[in-house]
Every structure is written in structure tokens, then in C-alpha cells.
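In: with the sequence up front, the predicted model follows.
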Amino acid sequence: VAAPTTNYLYDGANVIREQRTGSPTVGYLTGGVDEIFARQIGTSTTAYLTDGLGSTVGLVDSTGAVATKYSYGPFGTTSTEGAADANPFQLTGREHDETGLYHYRARYYSPELSRFLSEDPLGVSSGDPNLYAYVANSPTNGTDPSGLCATGGQGLALLADDFQIFGTWMGQMNDLHVQFASGAISPHEYAAAVGTAAHAAINQVSISVAMICGPLLAGAFGIGPSPAAGGAGGFVDPADVRFTQSDISQTFRDGRSVSDLASGLKSGAIDPASVPPIRLVERDGALFSLDNRRLVAFGEAGVEVPYRMATPDEIRRQLTSKMTTKTNGRSIQLRFW
């Protein structure tokens, strides 16, 4: 006897309709990624109750009663109470399959093992040396809808432009999952294709994500595509860049002062292109500099400053210690001692 076939219709990253051979069509009302509000089967509607991580904690029937309840251990082991229900969307709104695993698009996650079953396709560039860790081993503080980057507790948001990239990438992940499940591609081919698709998506988004978990999918905040992390950037108006520190010494390590550099730039004695580029980080829609003295000097000279985007390693090592601004980077004080 042939096994029934289930077809899925997606709206971006979310399933909104499923049709299984010989069964009624199931429709879902969804919001953001993995955010499910309601399910409709025929004329019967079920509402979803969720917690702060988006995990389903209850299914409410048409009478308003909570028919099924879910509870979770820290890493997602699940217990149910009440009426049996075939609802697959449980931990963080992801699909719980018959094997007990969750499909987080790029990778499968095991609540029993408290980790992913395969390495992060981005390798060490993800920013976490543990390539199997789920949400940096802090599962009660965030989620990982892509299987590539922890979100939520650290404030990473996917906005309008990213949803288009995110949705395209998720569609590719779903297609690869179908091919892998059907045996059309081998595990090695599946892993390689996932990595290729992930790196292609990285090249389309801004550097914002590197502040949190490496160069992954993250907020493009309306300032246009950013150059690759660590690569050549170009020149930018100093007025469009903010400071990370509240105050700085006026003297560079080589003994020159900020005023010396500003004067040389203004008079033309110093070629702007000969000055090492400032390293930029994108944060909440603004560009911040990790090299504040050079930014001050170019601002005083009224000359565009060379820049490049900071690498994930530079961000991890320096951003936290340097982010001391009390004016959201709009001003900085020079110390003359």
C-alpha cells in the first residue's frame, strides 16, 4: 500500500497549508517566522497559546477550552496533557517529527541530546567553537529558527528586507530537506548544499548579525548592503558614523595627535587613502566606529574617511569594551592628559 503524500504550501518561511492524500486540508494563520496563531481543519478552528519563546503551550478548541497542554524542559523535552492532537508545531514553533527531532531548517535538533545532530554549516565563522550547540547552550533565553543563529535573548531582529532573503533561504532549505528525505541526495550532498545556500545568503545581508553570532542572516536596517566583513569598504562621510566611546585620548600610539592628523588632512599634506581605514559595525540601524580618534580627525578636517567593516572576531574582542558612549555615539570628548 502506497504511503500517503503530504504537500505543503509556504508563505515565506512558514507553512500555511498542508494537504495529505485522503485527509482534509489543514490551513494555518501565521505571523512572523514560526509564529502560528490558529489552525483550521474543515470547519474546525484551533487557536494556539504560546510562551515568550514561541513554544506552543496550549491548543484552544472552538468552545474556548484548552484541549491540549504542552510543557517543556530547558532544552525542549516535551510533555503533553489532555486530548491527543497531531499538532507538529511545538518547541519554539518548530515542527516536531515522529523521530522525536525538531527540524530547524539547516539542521535537526534533538531535545534528548540537548544539541544539534550536525555541525554548524558555517563552521567556526559562526562565532561559537561548539559547532553543535543550540542557542549557545542558553535555550531559555532565545531561539534559532534557521539552525544557524541564536536570536531573541540578544535582540537580533529580522526586518523587512531580511524576511525576503530569509524566506528565499528557507525555501531552499525546505527543498533540500525534501530531496534528502526522499533519498534524492546523499547526506554529504545535503550538508554541502546547505552550506552553499547559507553562505550565499550571508553575502546579501548586512554586518549587523556579526555583532551577535557571526556573519549570518540579520537586520538590514535601511542603509543598504554592507561590504563583506574585513573587506575593502571605501569612503564614508564622518558625519554618518557614530562613536563607540564616551571619551578618548587625543594622542595616537605613534605620538601624533588627533589635531596633527586633522591638520594634515585639511591641508592636503596627508592623503586620506594612506590612512588605515576605520572599522565599522552596524548596530540598530547606525554605523559605529571601532577607531574613534581617526573618526574625530577626519570629522574635524571635513574629509571622507576610509573604512572597512569589522570582522566578527574584531567585534567580539573590542565592541563590548569600547561601547561606553552615553550619547548613542553622537558625541565624544577628547582627553588632553
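Out: Cool, got the structure.
In: strands of the stretch 51-200 of the chain, residue ranges please.
Out: With DSSP state E, counting those that start in this stretch as the definition, the stretch 51-200 of the chain shows strands at residue ranges 56-60, 66-72, 78-82, 102-104, 107-110, 115-116, 142-143, 151-152.
In: just put those in JSON lines and tack on mean pLDDT and distance to Asp247.
Out: (C-beta placed from N, C-alpha, C; glycine too.) Below are those laid out as JSON lines (pLDDT from 0 to 100; distance: least, CB to CB, whole Å):
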{"stretch": "strand 56-60", "mean pLDDT": "96", "distance to Asp247": "48"}
{"stretch": "strand 66-72", "mean pLDDT": "96", "distance to Asp247": "46"}
{"stretch": "strand 78-82", "mean pLDDT": "95", "distance to Asp247": "51"}
{"stretch": "strand 102-104", "mean pLDDT": "92", "distance to Asp247": "44"}
{"stretch": "strand 107-110", "mean pLDDT": "94", "distance to Asp247": "44"}
{"stretch": "strand 115-116", "mean pLDDT": "95", "distance to Asp247": "43"}
{"stretch": "strand 142-143", "mean pLDDT": "86", "distance to Asp247": "33"}
{"stretch": "strand 151-152", "mean pLDDT": "60", "distance to Asp247": "33"}
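In: which stretch among the ones you listed comes nearest Tyr132?
Out: Of all the strands of the stretch 51-200 of the chain, it is strand 115-116 that lies closest to Tyr132, at 4.4 Å by CB to CB.
In: strand partners (parallel or antiparallel) of that closest one?
Out: Strand partners for strand 115-116, identified by DSSP bridges, are recorded as strand 107-110 (antiparallel).
In: go through the partner strand and flag the buried ones.
Out: Of the residues in strand 107-110, Arg107, Tyr108, Tyr109, Ser110 count as buried by neighbour count, 16 or more other CB atoms under 10 Å.
In: could you check how far that strand is from the centre of its chain?
Out: 17 Å (CA atoms, centre = their mean, to the nearest Å).
In: hmm, who's touching that strand?
Out: Applying CB atoms under 8 Å, 6 or more residues apart in numbering, the contact partners of strand 107-110 are 76, 94, 100-103, 115-118, 120-121, 134, 144, 147, 194.
In: want to throw the strands of the stretch 51-200 of the chain into TSV with distance to Ala47?
Out: As requested, the strands of the stretch 51-200 of the chain are exported to TSV (distance: least, CB to CB, whole Å):
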stretch	distance to Ala47
strand 56-60	4
strand 66-72	10
strand 78-82	14
strand 102-104	22
strand 107-110	26
strand 115-116	31
strand 142-143	21
strand 151-152	23
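In: end to end, how far does stretch 80-95 reach?
Out: End-to-end span of stretch 80-95 (CA to CA, to the nearest Å): 15 Å.
In: so which of the strands of the stretch 51-200 of the chain gets nearest Gly171?
Out: Per CB to CB, nearest to Gly171 of those: strand 102-104, 14.2 Å.
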